[in-house]
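A.B. asks: the following comprises the amino acid sequence and a computationally predicted model.
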Amino acid sequence: MATGKTRREHWGSKIGFILAASGSAIGLGNIWRFPYVTGANGGGAFLFIYLLCVFLIGLPVMLVELSIGRHGKKNPVGAIKKISPDSKWSLVGYLGVITGVGILSYYLVVAGWTLGYFFKSLAYSLNKVHFAQFVSNAPTQSLSFVLFLALTAFVVAGGISDGIEKMTKILMPILFFLMILLIVRSMTLENSMNGLKFFIIPDFSKVSGKTFIYALGQAFFSLSLGMGAMITYGSYIDDKSNLVSSGFYVVFFDTLIAVMAGFIIFPAIGGAPSKSGPGLVFVVLKNIFLKMPMGELVAILFFALLAIAALTSTVSLMEVAVSYLIDEKGFERRKAVFLTSLITLFWGIPSLLSLGAVPSLTKIYKGMGFLDLMDFIFGNISLTLGSLLLCLFIIFVWKFKNAEKELSRGFEKFKNFSILWKISIGILAPLAISIVMIYILITGETLG
Ligand code: TRP
């Protein structure tokens, strides 16, 4: 990502921003997290509620973040301070910085698995990998974690960010077509229709308060919302660009990829998954690859592309903390990257040991392991809370008329339907989030 000391740099073009922001949004959240969270929360009914959350709440919150970012032209803390200099609201920015590192700490563990599966495929030994054994092997887990952290740090330090942007332009369409191929394979497996039914036909008897918190949390996680990543990305958009349509494209592509992942995983399971957890996708994908002609070859390509999709996400997670240290604390970029990586490394250790390597970490709260718990606290609750606070910030501090002015720049017609956006940010989103949060606090209902 571009960071100018004197004049803030901008994305080369509108498509440049859409690609970079989609790169942040599309990642393990779509291909690893979405299917297993859907599986654990009842399938079709979850999908339905998830899509409502994405378009009624996620898209409006996306516009909130992009407008604060472009207005402030700074990291989340700085951008909020610009609107409201001497208030406590900048704490929302701090929450974002911490949340970003919190997510990164376990996201890198799963990103490491994609590398591991890539190397296994490369060695033509995918058939010998056993997920539970693979993730309980502390040395290989640590190695792939550190490797992925180093890759991320290298890109964020400025090494090859241009290269990454150019590369994703070519590679992400390949991932897309590969996924179509996998959908075809999966749909032609035995019992695929039962799996498909589980995924798309809602059974509302399975809905509970838990379904809503997971659907909302998944929407924010997948769209990279609630912690200022999109504020940071928005800060690089020039004043002439249309924020509304750019935001819409990102939301659309991200959701498309998640739903496609569902069309791969569930038909291959052939029904409701008996147990849905962080390992689900890796186990199912392995089976699909082993059942297709030249599957090992396809697996090499797929895991490589998935690792790259994960990399464009880890980069955006790290960038928030790094740009904060640079803008607000006067750090030099490389020092900021070093410090952030060091904190991430230590924070990641318990997560990476929580899948079997250290038994006491596999169940530490209500049946959740350490990684699951980090995911619930930072990848769900914290993002949801952050999004709520950003809505309140618009309503009470920045005011709708100012935010609307920012969103109308480069898109005059926004005024015609800005009322919908105001209804969402002013009423729907804060109300829905508050109800779900209060419900969780009262019942303590979680995944476990
Ligand atoms: N959205 C990414 C994914 O789906 C993960 C991610 C990257 C993220 N940046 C974020 C999540 C910022 C929340 C906030 O894999």
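C.D. replies: Yes, it's here.
A.B. asks: from here on, just use CA atoms for contacts and neighbour counts.
C.D. replies: OK.
A.B. asks: just the endpoints, please. Distance across stretch 377-390?
C.D. replies: 18 Å (Cα to Cα, to the nearest Å).
A.B. asks: need the contact partners of that stretch.
C.D. replies: 61, 64-65, 92, 95-96, 99, 102-103, 213-214, 216-218, 220-221, 225-227, 429-430, 433-434 (Cα atoms under 8 Å, 6 or more residues apart in numbering).
A.B. asks: before we move on, what about stretch 284-296?
C.D. replies: 121-122, 124, 126-127, 182, 185-186, 265, 268-269, 298-299.
A.B. asks: just want the residue of the stretch 51-200 of the chain that's nearest the ligand.
C.D. replies: Nearest to the ligand in the stretch 51-200 of the chain, going by Cα to the nearest ligand atom, is Gly100, at a distance of 6.3 Å.
A.B. asks: can you flag the buried ones in the contacts of stretch 284-296?
C.D. replies: Buried members of the contacts of stretch 284-296, counted by 16 or more other Cα atoms under 10 Å: 121-122, 126, 182, 185-186, 265, 268-269, 298-299.
A.B. asks: now, the most widely separated pair of those residues?
C.D. replies: Farthest pair in the buried ones among the contacts of stretch 284-296 (Cα to Cα) is Leu122 and Ile269. Separation: 24.9 Å.
A.B. asks: which one of the buried ones among the contacts of stretch 284-296 is nearest to Ala132?
C.D. replies: For the buried ones among the contacts of stretch 284-296, the closest approach to Ala132 (Cα to Cα) belongs to Leu126, at 13.9 Å.
A.B. asks: name the residues of the chain found near the ligand, please.
C.D. replies: Within the chain, the positions near the ligand by Cα under 6 Å from any ligand atom are 24-30, 221-225, 227, 229, 313-314, 316-317.
A.B. asks: chain center to whatever helix or strand Glu319 lives in: distance?
C.D. replies: Element membership for Glu319, per DSSP states H and E: helix 295-329. Mean-position distance between helix 295-329 and its chain equals 10 Å (Cα atoms, centre = their mean, to the nearest Å).
A.B. asks: could you pull out the buried residues of that helix?
C.D. replies: Result for helix 295-329 [16+ other Cα under 10 Å]: buried residues 295-296, 298-327.
A.B. asks: then stretch 281-293?
C.D. replies: The neighbour-count check on stretch 281-293 (16+ other Cα under 10 Å) flags 281-283, 285-289 as buried.
A.B. asks: farthest pair in the contacts of stretch 284-296?
C.D. replies: Largest separation among the contacts of stretch 284-296 by Cα to Cα: Leu122 and Ile269, giving 24.9 Å.
A.B. asks: how close does Ile435 sit to Ser408?
C.D. replies: According to Cα to Cα, Ile435 and Ser408 sit 31 Å apart.
A.B. asks: do Ala20 as well
C.D. replies: In terms of Cα to Cα, Ala20 sits 22 Å off from Ser408.
A.B. asks: more neighbours: the two, which one.
C.D. replies: Legend: neighbour count by other Cα atoms under 10 Å for Ala20 and Ser408, higher for Ala20 (23 against 20).
A.B. asks: can you tell me the closest non-neighbouring residue to the more buried one?
C.D. replies: Spatial nearest neighbour of Ala20, chain neighbours left out: Glu165 (6.8 Å); criterion: Cα to Cα, 6 or more residues apart in numbering.
A.B. asks: quick one: contacts for that neighbour?
C.D. replies: Residues in contact with Glu165 (Cα under 8 Å, 6+ apart) are 16, 19-20.
A.B. asks: need those in a markdown table (columns: pLDDT).
C.D. replies: Shown next, in a markdown table, are the contacts of Glu165 (pLDDT from 0 to 100):
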| residue | pLDDT |
| --- | --- |
| Gly16 | 77 |
| Leu19 | 84 |
| Ala20 | 84 |
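A.B. asks: and of these, the nearest to the ligand?
C.D. replies: Among these, Ala20 lies closest to the ligand (Cα to the nearest ligand atom), at 11.0 Å.
A.B. asks: about what we covered before: what helix or strand is the residue nearest to Ala20 located in?
C.D. replies: Here Glu165 is assigned to helix 161-187, by DSSP H and E.
A.B. asks: my guess is Cys391 meets Ile423, correct?
C.D. replies: No - counting by Cα atoms under 8 Å, Cys391 stays clear of Ile423, with 11.1 Å between them.
A.B. asks: circling back: ok, the residue of the stretch 51-200 of the chain closest to the ligand touching Met318?
C.D. replies: Yes - if you go by Cα under 8 Å, Gly100 and Met318 touch, sitting 6.7 Å apart.
A.B. asks: for Ile201, which non-adjacent residue is closest in space?
C.D. replies: Among residues not flanking Ile201 along the chain, Gly44 sits closest, at 4.7 Å (Cα to Cα, 6+ apart).
A.B. asks: so what pLDDT did the one you found get?
C.D. replies: As predicted, Gly44 sits at a pLDDT of 97.
A.B. asks: you'd agree it is up against Phe198?
C.D. replies: Yes - contact criterion Cα under 8 Å: Gly44 and Phe198 qualify, at 5.9 Å.
A.B. asks: between these two, point out the one with more neighbours.
C.D. replies: Ranked by neighbour count (other Cα under 10 Å), Gly44 and Phe198 place Phe198 first, with 24 against 21.
A.B. asks: which SS class is the more buried one?
C.D. replies: Per DSSP: H, G, I helix; E, B strand; the rest coil, the local secondary structure of Phe198 is helix.
A.B. asks: contacting residues for the residue lying closest to it once chain neighbours are set aside?
C.D. replies: In space, and not counting its chain neighbours, Phe198 is closest to Gly43: 5.4 Å by Cα to Cα, 6+ apart. Residues counted as contacts of Gly43 (Cα under 8 Å, 6+ apart) are 198-203, 272.
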